[in-house]
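1. Kindly return the folded structure for what I paste below:
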Amino acid sequence: MKPILILHGALGSASQMKPLANLLSAEFKVYTLDFSGHGNNPTTSKFSIDLFANDVLRFIEENDITEPISIFGYSMGGYVALYMASLWPSKINQIYTLATKFDWNENSAKKESGFLNPILIEEKVPKFATMLAQRHGESHWKENCNKTAELMLSLGKKSVLNKSNLNQILHTCIISVGDLDKMVHIEETQQVAKELNNATFVLHKNMDHPFEKLDYNYLSKELFSFFK
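-> Next comes the predicted model:
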């Protein structure tokens with residue numbers, strides 16, 4: 001069966017991807033992983049796109065995946081997937097990104113990182129705080145929020161993906177976003193699709209950003225069509 005790797009987003013985990021993975025497993029060999037500092041994979045390291053890309057490379061090698069693997073990357077997972085393709089093209093087959101924010105600058109990074117203050121999350125959205133504690137552990141979720149905020153601010157100062165390395169990627173890609181996404185703009189998604197050599201932009205109707213709000217049956221059909 002064709003290997004497919006699902007990469008979660010910021011504050012996410014492999015367990016969060018299970019509903020989609022279960023649907024895709026009917027026709028693909030589906031893999032998921034926790035990035036460093038997420039889920040069941042704690043770390044003392046500072047978060048970076050390089051760290052997460054090396055997580056994926058190590059996972060591929062440890063699981064003896066010898067053929068190029070296709071990747072569905074949700075949000076930050078899509079950013080990592082494209083970065084990997086620019087570094088280790090022979091490891092990757094096709095890439096499908098959804099709800100990935102590419103336009104990182106100091107203003108956007110400051111805005112998005114401001115939502116990740118764990119004290120404010122506990123105070124204003126306690127249900128979300130409880131979910132993060134369950135996902136990453138009571139002793140790690142606040143650290144995850146703080147490190148993710150630091151990662152966003154670093155991307156705001158220097159984006160890892162730029163026109164130069166995007167132009168080097170030759171893989172077949174779909175770069176997509178939902179029309180109700182308030183974090184990721186349609187224009188930034190379209191621009192990245194244009195800068196890639198072999199990419200198609202897709203706009204999903206009535207789709208918001210949070211993974212839990214996605215229609216998994218609809219998304220799995222889209223992925224079946226692309227990856228097959």
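
2. Skip the chain neighbours and tell me the closest residue to the residue nearest to the spatial centre of the chain.
-> Among the residues of the chain, Gly77 comes closest to the average C-alpha position under C-alpha atoms, centre = their mean, at 1.7 Å. Leaving aside its sequence neighbours, Gly77 sits nearest to Leu7 (C-beta to C-beta, 6 or more residues apart in numbering; 2.9 Å). C-beta here means a position set from N, CA and C on the backbone, and glycine is covered the same way.

3. Name all residues that make contact with that neighbour.
-> Going by C-beta atoms under 8 Å, 6 or more residues apart in numbering, Leu7 touches Leu33, Phe35, Val56, Ile71, Phe72, Gly73, Tyr74, Met76, Gly77, Gly78, Val80, Ala81.

4. Narrow those to those that are buried.
-> Among the contacts of Leu7, those that count as buried by neighbour count (16 or more other C-beta atoms under 10 Å) are Leu33, Phe35, Val56, Ile71, Phe72, Gly73, Tyr74, Met76, Gly77, Gly78, Val80, Ala81.

5. ok, of those residues, which one's closest to Ser113?
-> Nearest to Ser113 out of those is Met76 (C-beta to C-beta; 13.1 Å).

6. sorry, back to before: now, the contacts of Leu7 that are in helices?
-> By the criterion of DSSP state H, membership of these in helices covers Val56, Met76, Gly77, Gly78, Val80, Ala81.

7. low-scoring stretches of this protein, by residue?
-> Low-confidence segments of the chain, defined by pLDDT under 70: none present.

8. out of all of them, which helix in it is the longest?
-> The residue-count maximum for a helix in the chain (DSSP H) belongs to helix 141-157.

9. chain center to the next helix or strand after that one, what's the gap?
-> Secondary structure here is assigned by DSSP states H and E; on that basis, the next helix or strand after helix 141-157 toward the C-terminus is helix 163-167. Average the C-alpha atoms of helix 163-167, do the same for its chain, and the two points are 19 Å apart (C-alpha atoms, centre = their mean, to the nearest Å).

10. Can you give me the buried ones in helix 163-167?
-> Applying a neighbour-count criterion of 16+ other C-beta under 10 Å, the buried positions in helix 163-167 are Leu166.

11. Give the next helix or strand downstream of it.
-> strand 173-178.

12. Which strands or helices does that next one pack on?
-> Here strand 173-178 touches strand 92-98, helix 186-195, strand 199-204, going by 3 or more C-beta pairs under 8 Å, 6 or more residues apart in numbering; DSSP states H and E.
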